[in-house]
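Student: Predicted coordinates and the sequence they were generated for:
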Amino acid sequence: MKREGRKTHRELNPESVKLVKRRRRRNWRTKRQKSYRQISGILSEDYGVFNERGNAFNPKSIMVMVNQ
């Protein structure tokens, strides 16, 4: 368990992490998954979820959320 330092995305906003993981899943019909950049666009445009500065999430941040 984490003790010090910056809080993780899961600690700050668990709902956005859940959305990211759901969007990253493989499509059962096409067998493809969405890119991190596409997920970032979907979160900002469709769900209105932004980072702490009010910008769309960076694709690297999406990658970190998926791995949490």
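Tutor: Everything's here; your move.

Student: Can you list the buried residues in the helix ranked longest in the chain?
Tutor: Longest helix in the chain, counting residues (DSSP state H): helix 14-24. Residues of helix 14-24 classed as buried: 16-17, 19-20, 23-24 (neighbour count, 16 or more other C-beta atoms under 10 Å). All C-beta spots, glycine's among them, are computed from the backbone N, C-alpha and C.

Student: contacts for the helix or strand of the chain with the lowest mean pLDDT?
Tutor: Lowest mean confidence among the helices and strands of the chain (mean pLDDT, DSSP states H and E): helix 9-12, at a mean of 92. With contact meaning C-beta atoms under 8 Å, 6 or more residues apart in numbering, helix 9-12 is reached by 2, 16-17, 52, 61, 64-65, 68.

Student: how about a cut-off of 10 Å?
Tutor: For helix 9-12, the external contacting residues (C-beta atoms under 10 Å, 6 or more residues apart in numbering) are 2, 6, 16-18, 20, 51-52, 57, 61-62, 64-66, 68.

Student: for stretch 45-64, same thing?
Tutor: 8-10, 12-13, 15-17, 19-20, 23-24, 34-44, 65.

Student: Go ahead and build a ChimeraX selection from the buried members of those residues.
Tutor: Buried residues among the contacts of stretch 45-64 (16+ other C-beta under 10 Å), as a ChimeraX selection:
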select :9,13,16,17,19,20,23,24,34,36,39,40,42,43,65
